[in-house]
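Undergrad: A structural model of the following input is requested.
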Amino acid sequence: MRVLIVKLSSLGDVVHTMPVVHDIRRAHPDALIDWVVEPGFAPLVRRVQGIRSSIECAQRRWRKGWWKREVRDEWREFRDALRGDRYDAIIDFQGLTKSALVARMARGPTYGLGNRTEGASHEWPARWLVDHAIDVEPRIHALDRARVLASRVLGHEVQGPPQFGLRSQVLDATERTMVFVHGSSREDKLWPEAHWIELGHHVLAGGWRIVLPHAGPVELARAQRIAGAIGPTCEVWPAMDLDTLTDRMGAAHGVIGVDSGLSHIAVALDLPHVQIYNFPTSWRTGPQAAHGHSHQVSIEGQPVPPVAAVWEAWQQVWAQFSEAGQG
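TA: Okay, here's the model as predicted:
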């Protein structure tokens, strides 16, 4: 069986789609699975156990320079790669017009979401651009939505907790290291700097070392301010690509972060993790006990969760992780 996954972006959405690869391979052990994705997330997709190849679709960049010869040449290479095989199922997990059009370009029957689910992006033309539109429960976790769609397309049952299959290199990390994921593309998802600093003092008192990743100058400046206020055992990581960052996070011992792509990578890497939500939306994107995440939890609060609640959640997460003989 040949299956093509179409999930172009964003980082968190790509991570939430990863478990369908394990589900498909469990039902069809010899399945060949390819994935169409934006170039920035292709390195992560290539790490998923069971993926044969990633096909990079740089739609955003192509739109900005469609008149250039090199862009047209690159688009033709993409089209040829997309049409290189005939697939038994082409599944658009994104439910957008742009993703459905990509699915239509490939060779084989196309499937996609027939309805919008609560809190998720969906465009009505997408259901008419695929051969088979499949309705799913309107109130459903993003991860479950992807698994249910794949199961209804390919005729298997969703069984057990999700298996992301995300591999990271084993790096030497002897010190107990906590990653503070403080950045997000959305300002309203951020946690106050003063809260990170206060939390950092709690973490340091527990014998931990703290590291802060960043993307871009705004996040770098914030990370430097937080690290400067916490002290010398708090380090700002240098800028790094997604491949390197995944390996560095995989070598850490725990993560506390806002609702962002990096926090979802922490979940996929099965790290002890507390995910911070300023809105009551963790039910659709955050770690859930029903998914088997006993050492991963979401904390909500309005306008933001207090430091005490986040710290208490972390202590419980680490205690559970340690009791299981992993800490």
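
Undergrad: quick one: the helices in the protein?
TA: In the chain, helices defined by DSSP state H lie at 11-17, 19-27, 42-46, 59-64, 69-82, 97-105, 125-129, 142-154, 193-205, 216-230, 242-250, 261-268, 282-285, 307-323, listed in chain order.

Undergrad: Which secondary structure elements does the last one sit against?
TA: If you count contacts as 3 or more C-beta pairs under 8 Å, 6 or more residues apart in numbering; DSSP states H and E, helix 307-323 packs onto helix 193-205, strand 254-258, strand 273-277, strand 296-300. Glycine gets a C-beta too; all of them are placed from N, C-alpha and C.

Undergrad: In TSV, list those along with mean pLDDT and mean neighbour count.
TA: Compiled in TSV, these are given as follows (pLDDT from 0 to 100; neighbours: other C-beta atoms under 10 Å):
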stretch	mean pLDDT	mean neighbour count
helix 193-205	97	18
strand 254-258	98	24
strand 273-277	98	27
strand 296-300	97	21
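
Undergrad: Kindly present the ones you listed as JSON lines, with separate columns for distance to Leu166.
TA: Formatted as JSON lines, the helices and strands packed on helix 307-323 follow (distance: least, C-beta to C-beta, whole Å):
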{"stretch": "helix 193-205", "distance to Leu166": "25"}
{"stretch": "strand 254-258", "distance to Leu166": "14"}
{"stretch": "strand 273-277", "distance to Leu166": "14"}
{"stretch": "strand 296-300", "distance to Leu166": "14"}
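
Undergrad: Nearest to Gln159 among the ones you listed would be which one?
TA: Proximity to Gln159 (C-beta to C-beta) singles out strand 296-300 among the helices and strands packed on helix 307-323, at 20.3 Å.

Undergrad: Show me what the closest one is packed against.
TA: Using 3+ C-beta pairs under 8 Å, 6+ apart, strand 296-300 is in contact with strand 273-277, helix 282-285, helix 307-323.

Undergrad: What residues sit buried inside the shortest one?
TA: Of the residues in helix 282-285, those scored as buried under the neighbour-count criterion (16 or more other C-beta atoms under 10 Å) are 282, 284-285.
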